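Sequence and predicted model, in that order:
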Amino acid sequence: MGRYYGAEVTVVEDDGRPARFTWNGRVYGVRRILDHWVTVRMDWSPASTSEVPERRHWRVEAGTAHAQGVYELRHDTATGEWLLSRVWD
């Protein structure tokens, strides 16, 4: 069971995939992508915009020089915002 956060993070992408992210002043390097899936935002309706706003979820193994864990990142394509949504130690 992981802990839920919903904290904004800064993500550096490589070919559309998260390569590293900064959370609480620490940089976490992505070592491996474990899973990736896409969902549609619940507040979207075809009448509001023709572009479907997606949320891209990435479960990654990442860490700093001192710690490693599994993190779930979420990218909202409509806003460009990245969130750290879950952490497994």
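Thanks, I have the structure now. Residues are numbered from 1 along each chain as shown.

Now do residue 27 against residue 85, distance only.
Residue 27 sits 19 Å away from residue 85, going by Cβ to Cβ, to the nearest Å. Bear in mind the C-beta positions are built from the backbone N, C-alpha and C, glycine included.

The two: who's more crowded?
Legend: neighbour count by other Cβ atoms under 10 Å for residue 27 and residue 85, higher for residue 85 (19 against 14).

Can you get me a residue count around residue 82?
Residue 82 has 22 nearby residues by other Cβ under 10 Å.

Hmm, residue 10 is touching residue 22, no?
Yes. Under the criterion of Cβ atoms under 8 Å, residue 10 lies in contact with residue 22, with a separation of 4.4 Å.

Tell me where the protein is predicted with low confidence.
Scanning the chain with the threshold set as pLDDT under 70 gives 1-2, 41-51.

Grab the nearest non-local neighbour of the residue nearest to the spatial centre of the chain.
Residue closest to the average C-alpha location in the chain (Cα atoms, centre = their mean): residue 73, at 1.9 Å. Spatial nearest neighbour of residue 73, excluding adjacent residues (Cβ to Cβ, 6 or more residues apart in numbering): residue 58 at 4.6 Å.

That neighbour: what's it in contact with?
Applying Cβ atoms under 8 Å, 6 or more residues apart in numbering to residue 58 gives the contacts 17-18, 33, 35-36, 72-75.

Contact partners for residue 61?
Applying Cβ under 8 Å, 6+ apart to residue 61 gives the contacts 30-32, 34, 68-70.

Residue 81 versus that one, what's the distance?
Going from residue 61 to residue 81 by Cβ to Cβ gives 23 Å.

now swap in residue 3 and tell me
From residue 3 across to residue 81, the span is 20 Å (Cβ to Cβ).

Settle this for me: residue 39 is touching residue 53, isn't it.
No. Residue 39 sits out of contact with residue 53 when judged by Cβ under 8 Å, with a separation of 10.1 Å.

Which one's more surrounded, these two?
Neighbour count, other Cβ under 10 Å: between residue 39 and residue 53, residue 53 has more, with 15 against 10.

ok, the more buried one touching residue 81?
No. Between residue 53 and residue 81 there is no contact under Cβ under 8 Å: 11.2 Å.
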